[in-house]
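**Student:** Turn this into a structure:
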Amino acid sequence: MTPGDLRSVYLTWTRRALPALLLPLALTGAVQAAASRPWWNDSPPPAGGMRYLFVAVAVASVVMGRSTRARDIAAGSLDAPRLVSLSWRMVIHALAPAFIGAVLALMTRDVMDFYLQLLVTLVGVALLYPRFDQWVLWSGHAGGKAD
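**Tutor:** Here you go, the predicted model:
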């Protein structure tokens with residue numbers, strides 16, 4: 001596959017991934033809408049250790065995305081379908097904390113639980129969203145190794 005073909009595949013994948021990146025925005029709106037309802041202030045069950053479990057799972061999602069990337073690129077050059085698959089998996093790992101945070105906020109009725117997870121999602125997107133130069137390296141079209 002030539003770098004020009006790779007660029008075309010990357011742009012197509014990016015166009016398809018952009019709607020998924022709107023998930024945190026949609027979840028923010030949903031959590032804010034729920035927080036404005038009268039039932040939000042009804043006595044929720046105490047969060048206890050559940051809150052920390054959800055935070056740990058969200059952070060683990062980003063860490064697992066990094067190890068998925070490291071494992072897949074260590075196997076050698078990737079063709080276009082494998083690049084697309086790896087990229088989708090990394091985006092899912094990056095966006096999972098926002099979904100986890102929305103569920104946690106509904107359970108604890110504390111919007112700060114959601115915003116903490118949203119912060120983890122933003123860090124995850126910054127760390128895991130694949131750039132085109134990474135695709136080029138992973139495909140074997142250039143020397144060196146991308147982290």
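
**Student:** Show residues contacting stretch 79-94.
**Tutor:** Under the contact criterion CB atoms under 8 Å, 6 or more residues apart in numbering, stretch 79-94 has outside partners 1, 5-6, 9-10, 13, 17, 20-21, 61-62, 64-65, 68-69, 72-73, 78, 121, 124-125, 127-130, 135, 138-139. C-betas here are computed from N, CA, C, even on glycine.

**Student:** let's go with 6 Å and repeat that
**Tutor:** Outside stretch 79-94, the residues within contact range by CB atoms under 6 Å, 6 or more residues apart in numbering are 1, 9, 13, 17, 20, 61, 64-65, 68-69, 72, 124-125, 128, 130, 135.

**Student:** Please apply the same query to stretch 22-30.
**Tutor:** Under CB under 6 Å, 6+ apart, the answer for stretch 22-30 is 95, 98, 102, 118, 121.

**Student:** pLDDT of that stretch, averaged?
**Tutor:** For stretch 22-30, the mean per-residue pLDDT is 95.

**Student:** Return that stretch as CSV; C-alpha atoms alone will do.
**Tutor:** Output in CSV follows, covering the C-alpha atoms of stretch 22-30 (Å, rounded to 0.1, in the frame of the first residue of the first chain):
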residue,chain,number,x,y,z
LEU,A,22,-19.2,13.4,20.0
LEU,A,23,-20.2,10.8,22.7
PRO,A,24,-18.7,12.8,25.6
LEU,A,25,-20.6,15.9,24.5
ALA,A,26,-23.8,14.0,24.3
LEU,A,27,-23.2,12.4,27.6
THR,A,28,-22.5,15.7,29.2
GLY,A,29,-25.9,17.0,28.0
ALA,A,30,-27.6,13.9,29.2
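
**Student:** can you pull the buried residues of it?
**Tutor:** 23, 24, 27, 28 (16 or more other CB atoms under 10 Å).

**Student:** Filter those residues down to just the ones in strands.
**Tutor:** Judged by DSSP state E, these include no members of strands.

**Student:** now the residues you listed as JSON lines including distance to residue 41?
**Tutor:** Shown next, in JSON lines, are the buried residues of stretch 22-30 (distance: CB to CB, whole Å):
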{"residue": "23", "distance to residue 41": "27"}
{"residue": "24", "distance to residue 41": "25"}
{"residue": "27", "distance to residue 41": "20"}
{"residue": "28", "distance to residue 41": "20"}
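
**Student:** No further queries at this time; thank you.
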